[in-house]
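1. Just to be clear, the model below is a prediction. Sequence and coordinates:
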Amino acid sequence: MPTRNTSDVIVIGAGVVGAACAHYAALAGLSVTVVDRGPVAGGTTGAGEGNLLVSDKEPGPELELALQSTALWRELVGLLPPQVEYEAKGGLVVASGEAGMEALREFAARQEKAGVTALEVPGDRLHDLEPHLAPGQAGGFHYPQDAQVMPALAAAHLLRHARGRIRLRLGEEVTGLLTGPAGDLRGVRTGAGELHAPHVVNAAGTWSGAIAELAGAHLPVLPRRGFVLVTEPLPRVVRHKVYAADYVADVASGSAALQTSAVVEGTPAGPVLIGASRERVGFDRSPSPEVLRRLAAGATALFPVLGSVRAMRTYLGFRPYLPDHLPAIGPDPRVPGLLHACGHEGAGIGLAPVTGRIVAACLTGTEPPLDIHPFRPDRFTPPAP
């Protein structure tokens, strides 16, 4: 019988990935404790744009995750309230020249073989989809499977939906892991005391590497900083998630240097969100006027109408980056009882449901919804001593 300090599984992290793991574990009949040093969605999730994308993913393991998760998000819409702002608005990738358009054609052709719907849009028809888009674009591709959600509210409602089986311990930092004589996990230690469970899920986002280290396991999760500009509320001047073709290359890049590419999308509440930037600078939260200048320039180049619009605020977040751009999902063979659900970089919101389904399957001994070998947590070689 679960008590206040015992449960079947402890999930470290109350972001959207941790919330999805807790949600699906609870639906599978397990009692779950979610522990986080801050509030629900207080880390990367709260700084996310809410993208649920297939358009930016090369064929392979991550795209398989994304396609399954896209279907799961559509199922979740029937369970969660409208406040999560799920919007199946689709994505539009545009190329300014013919060389970029040819690269998009080749990319889309590979994606279509993997199950993605990608519809070519000639340059003279782009305004049918986006009336305010800058003229002179060579063309683009419309991805109707792309969607958006309000990530913080999605995380909160995933936890709330199964609240009878999910206990929240917020404002409690995990300082250690409890182990048995054979090294198997028995729970966690926080500043408020011990929590006991035979399984622990590491869904701590950019801090997942530190949690793994507490268990003596190497998992090289690093923070990759990104800024977002938020405009004043507007009529719906941007209908889709619209981004320039070079965004796909930036997502796949492992460079630590600053990269920016134009990404613009409207929201049901009115403000337009403008990204995207990527750089590895640790957990530096300093403002960067250069990044913001680049974001504004990229957005107004795509949508000149935004040139006269006020930016009301900016915020930043840290994507949990792993060197091969694939998340770590599933049991850690080095530490019995430890599972990982982390390292999704900028795709965690989109991939959260399928990650939760995989973790729940591993916890209950059932078959995961897809092959999880590419996401094994022990695939990284520890650094030489």
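-> It's in. Numbers count the residues shown, from 1 in each chain.
2. Tell me where the model's unsure across the stretch 101-250 of the chain.
-> 247-250 (pLDDT under 70).
3. Please apply the same query to the stretch 251-385 of the chain.
-> For the stretch 251-385 of the chain (pLDDT under 70), the answer is 251-256.
4. show me where it has helices.
-> Secondary structure of the stretch 251-385 of the chain (DSSP state H, counting those that start in this stretch): helices at 289-302, 348-364.
5. Nearest to residue 73, out of these?
-> When the helices of the stretch 251-385 of the chain are compared by CB to CB, helix 348-364 sits nearest residue 73, at 5.9 Å. In short, each C-beta sits where N, CA and C put it, glycine included.
6. count of neighbours near residue 382?
-> For residue 382, the count of nearby residues is 10 (other CB atoms under 10 Å).
7. thought it was touching residue 217?
-> No. Assessed by CB atoms under 8 Å, residue 382 is found out of contact with residue 217, at 9.1 Å.
8. what separates the residue nearest to residue 344 when sequence neighbours are not counted from residue 205, distance-wise?
-> Ranked by CB to CB, 6 or more residues apart in numbering and with sequence neighbours excluded, the top spatial neighbour of residue 344 is residue 327, at 4.4 Å. Distance, residue 327 to residue 205, by CB to CB, to the nearest Å: 11 Å.
9. Overlap in contacts, the two.
-> Taking CB atoms under 8 Å, 6 or more residues apart in numbering as the criterion, residue 327 and residue 205 both touch 342, 348.
10. Let me see the domain layout of this structure.
-> 9-49+152-220+324-375, 89-143+222-321 (automatic domain parsing).
11. and the ones you listed as CSV, adding distance to residue 76 and mean neighbour count?
-> Listed next are those as CSV, based on distance: least, CB to CB, whole Å; neighbours: other CB atoms under 10 Å:
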stretch, distance to residue 76, mean neighbour count
domain 9-49+152-220+324-375, 6, 22
domain 89-143+222-321, 17, 18
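12. and those as CSV, adding distance to residue 67?
-> Formatted as CSV, the domains of the chain follow (distance: least, CB to CB, whole Å):
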stretch, distance to residue 67
domain 9-49+152-220+324-375, 9
domain 89-143+222-321, 5
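13. closest one to residue 72 among those?
-> With CB to CB as the measure, domain 9-49+152-220+324-375 is the member of the domains of the chain nearest residue 72 (3.6 Å).
14. Show the contacting residues for the residue nearest to residue 169 when sequence neighbours are not counted.
-> In this structure, residue 169 finds its nearest non-sequential neighbour in residue 35, 4.3 Å apart by CB to CB, 6+ apart. Under the criterion of CB under 8 Å, 6+ apart, the neighbours of residue 35 are 10, 11, 12, 14, 169, 170, 172, 174, 188, 190, 195.
15. Which residues are in contact with the fifth one?
-> Remark: with contacts taken as CB under 8 Å, 6+ apart, residue 169 is in contact with 33, 34, 35, 36, 190, 192, 195.
16. Which strand or helix spans it?
-> Using DSSP states H and E, residue 169 falls within strand 166-170.
17. which element follows that strand toward the C-terminus?
-> strand 174-179.
18. Pull the distance from that next one to the chain's centre.
-> Taking CA atoms, centre = their mean, to the nearest Å, one finds the center of strand 174-179 at 26 Å from the center of the full chain.
19. likewise stretch 86-96?
-> With CA atoms, centre = their mean, you get 17 Å for stretch 86-96.
20. Any idea how far apart the tips of it sit?
-> For stretch 86-96, the first-to-last residue distance is 30 Å (CA to CA, to the nearest Å).
21. Now it: average pLDDT?
-> The average pLDDT within stretch 86-96 is 95.
22. re earlier: among the contacts of residue 35, pick out the one closest to residue 134, please.
-> Distances from residue 134 to these, taken as CB to CB, are shortest for residue 14 (40.3 Å).
23. what are the phi and psi values for the residue lying closest to that closest one once chain neighbours are set aside?
-> Computed as CB to CB, 6+ apart, the closest residue to residue 14 that is not its neighbour in sequence is residue 36, at 3.8 Å. Phi and psi for residue 36, reported as degrees, to the nearest 10, are phi -150, psi 140.
24. Contact partners for residue 36?
-> 12, 13, 14, 15, 18, 42, 168, 169, 170, 171, 172.
25. Looking at the residues you listed, which one is closest to residue 283?
-> Nearest to residue 283, judged by CB to CB, of those is residue 42 at 14.2 Å.
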